[in-house]
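Q: sequence first, then the predicted structure:
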Amino acid sequence: MKLLNNTKLYSIVSGTCPVCHTGKMYKTRNAYKISETLKMHAYCPHCDVKFKIEPSFFYGAMYVSYPVGIAIALAVFIITYFFMGLDRNKTFIAIILALIVLLPLILRVSRNIWINFFFKFDKSKM
């Protein structure tokens, strides 16, 4: 992870503040606590940046979640159809199951990508 430090990719993968890369954005680390999956701090615990710039700010993350889901579905398709040799029906079921199982992660990664479009890393706030 140190290799990615001070990059947007670090903030996206780690779920940390896009400005300081220190404060955690989510109240709980485990994305699979379904009732807690999208609960975020209003402000960064470290640098006090407001995460929700405007009301309904994270609705834009829906536009990001679509290509993230497509990328995962494509990866599962290639693995199951070409490498494992499953037929189309079993491949389709594998794609659906993968998307259902990975849904909490897709939601969080989409929010992380979305917020990184609007904030820039500031080394002085580390």
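A: It's in.

Q: can you get me the start-to-end distance on stretch 74-94?
A: 11 Å (C-alpha to C-alpha, to the nearest Å).

Q: other SSEs contacting the helix or strand hosting residue 75?
A: Per DSSP states H and E, residue 75 falls inside helix 61-77. With contacts defined as 3 or more C-beta pairs under 8 Å, 6 or more residues apart in numbering; DSSP states H and E, helix 61-77 has these neighbours: helix 88-101, helix 103-118. Every C-beta, even on glycine, is put in place using the N, C-alpha and C of the backbone.

Q: tilt between it and helix 88-101?
A: Computed by axes from the mean of the first three to the mean of the last three C-alpha atoms, to 10 degrees, the angle separating helix 61-77 from helix 88-101 equals 140 degrees.

Q: for residue 48, helix, strand, or coil?
A: coil (DSSP: H, G, I helix; E, B strand; the rest coil).

Q: burial count for it?
A: 12 (other C-beta atoms under 10 Å).

Q: same check, this time on residue 28
A: The burial count for residue 28: 12, using other C-beta under 10 Å.
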